[in-house]
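1. here is a sequence together with a model predicted from it:
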Amino acid sequence: MIYSLMINEGPYTHQASDTAYNFAQAVLKAGHEIYRVFFYHDGVNNGTRYTTPPQDDRNVVNRWSEMAVEHSLDLVICIAAAQRRGIVDADEAKRHGKEGDNIADGFRISGLGQLIEAGVQSDRLIEFGD
Amino acid sequence: MGTQKKMMYVNRRAPYGTIYSYEGLEVVLVGAAFDQDVSMAFIGDGVFQLKKGQDTSGIGMKNFSQAYRALGDYDVSKLYVESESLSERGLSVEDLMELTWEDEDDDWNEKSSIMVVSREELSKLMDQQDVLLNF
Amino acid sequence: MLHIVNKSPYSSDSLQTCLSMSLEGSDILLIEDGVYACLAKGSVANKITKLMSTCNVYVLTPDLRARGILDEEIIKGTSQVDYDGFVELTSTNDRVQSWL
């Protein structure tokens, strides 16, 4: 079965990203495919590079990045939501005259169409939020 | 994939207090280009999104209520408003914006996009969908 | 349909809205703070028990344990699942709705 996930809240403030991460691990363990993980609303903050959580707690951003690399996941941050919340990649930074970019490894910025496409192409689109 | 999917966007939150309704509407407007069978449901505080006469000049936030008027042009013409949620909040359909669409199969007659349905009817409609997203 | 509820019924109307919209034969899965609905001594326990006559009620065990809820504290007749079971529920149901 082909799954896509939608994550609507940022790291730490809500459990949504944690639940989604654990769910994603179980999806792959069950032998299913993950077509896309789409981050919307404050969920775009899961893709920001400069978080420094305490050493004795999970690193939400890094473990998404690691999972993306290990399983070739497509982690997409919505461009409209990202612009509102200050997440930029190199292209966006250049386009909007920002000093630098802050997108985390393994994530890419793209449009809302990617969410709809995921809903169309996947057998299941599971939403995690508040 | 050749067949259309039935996608319902379920709106349960009031406007302005949180961004979910605004960013949810953006999903619907962008998603309209994908030619799926799209509908919106307004339940609970979500019915407040459609209240007419919104004026945000005093709070300094963008008034996005006008954007709902574009839905008809984007072929999103099925806006289900739950009647129990309206009456619990002291509202009737007369308190809502007039949102319309033009039916090309009926000489481009303008018709109301808003359909007030009971909780029971809406739950049956939900059970027919392929994809449901909550905002 | 699989209905997922992640908020406590004592602070949010998500569970109530979900129950009012779910048809007979639905699967209801409680996750995150939603697991508090399963406390046998809680005031919503009657609602859950009544629900079980027409729907299947599941609760995510890791979220129970995180919140210090023991097996003997939860309503009898609810089924516990882990994340593997969560995935299974999403695959056996044709449609899934998260009541955020």
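-> Structure's in. What do you need?
2. what is the top helix by length along chain B packed up against?
-> If you go by DSSP state H, chain B has its longest helix at helix B:20-31. Under the contact criterion of 3 or more C-beta pairs under 8 Å, 6 or more residues apart in numbering or on different chains; DSSP states H and E, helix B:20-31 touches helix A:79-85, helix A:113-121, strand B:6-11, strand B:37-42. C-beta coordinates here come from the backbone N, C-alpha and C atoms, glycine included.
3. ok, then the element right after the helix or strand bottoming out on mean pLDDT in chain A?
-> Lowest on mean pLDDT, DSSP states H and E among the helices and strands of chain A sits helix A:90-95, with a mean of 96. Note on helix A:90-95: by DSSP states H and E, the next helix or strand toward the C-terminus is strand A:107-110.
4. mind listing what's buried in that following strand?
-> Using 16 or more other C-beta atoms under 10 Å in any protein chain shown as the test for burial, strand A:107-110 gives A:F107, A:I109, A:S110.
5. would you turn those residues into CSV with distance to B:Q4 and pLDDT?
-> Putting the buried residues of strand A:107-110 into CSV (distance: C-beta to C-beta, whole Å; pLDDT from 0 to 100) gives the following:
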residue, distance to B:Q4, pLDDT
A:F107, 30, 98
A:I109, 28, 98
A:S110, 23, 98
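6. got the contact list for stretch C:57-66?
-> A:22, C:27-35, C:38, C:48, C:51, C:74-75, C:77-83, C:85-86, C:89 (C-beta atoms under 8 Å, 6 or more residues apart in numbering or on different chains).
7. got the CA coordinates for that stretch in CSV?
-> Backbone C-alpha positions of stretch C:57-66 (Å, rounded to 0.1, in the frame of the first residue of the first chain) are rendered in CSV as follows:
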residue,chain,number,x,y,z
VAL,C,57,-12.7,1.2,20.0
TYR,C,58,-8.9,1.0,19.9
VAL,C,59,-6.4,2.7,22.0
LEU,C,60,-2.7,3.2,21.3
THR,C,61,-0.7,1.5,24.0
PRO,C,62,2.5,3.5,23.9
ASP,C,63,0.4,6.7,24.6
LEU,C,64,-1.4,4.9,27.5
ARG,C,65,2.0,4.0,29.1
ALA,C,66,3.5,7.4,28.5
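8. contacting residues for B:E84?
-> Applying C-beta under 8 Å, 6+ apart, the residues contacting B:E84 are B:S118, B:R119.
9. mind checking pLDDT for it?
-> Note on B:E84: pLDDT of 98.
10. and stretch C:74-92, how far apart are its ends?
-> Start and end residues of stretch C:74-92 are separated by 25 Å (C-alpha to C-alpha, to the nearest Å).
11. ok, stretch C:19-28 next?
-> 9 Å.
12. so is that stretch next to chain B?
-> Yes: using C-beta under 8 Å from any C-beta of the partner chain, stretch C:19-28 reaches chain B at C:S20, C:M21, C:S22, C:L23.
13. which among the residues you listed end up buried?
-> For those, buried by 16+ other C-beta under 10 Å: C:S20, C:M21, C:S22.
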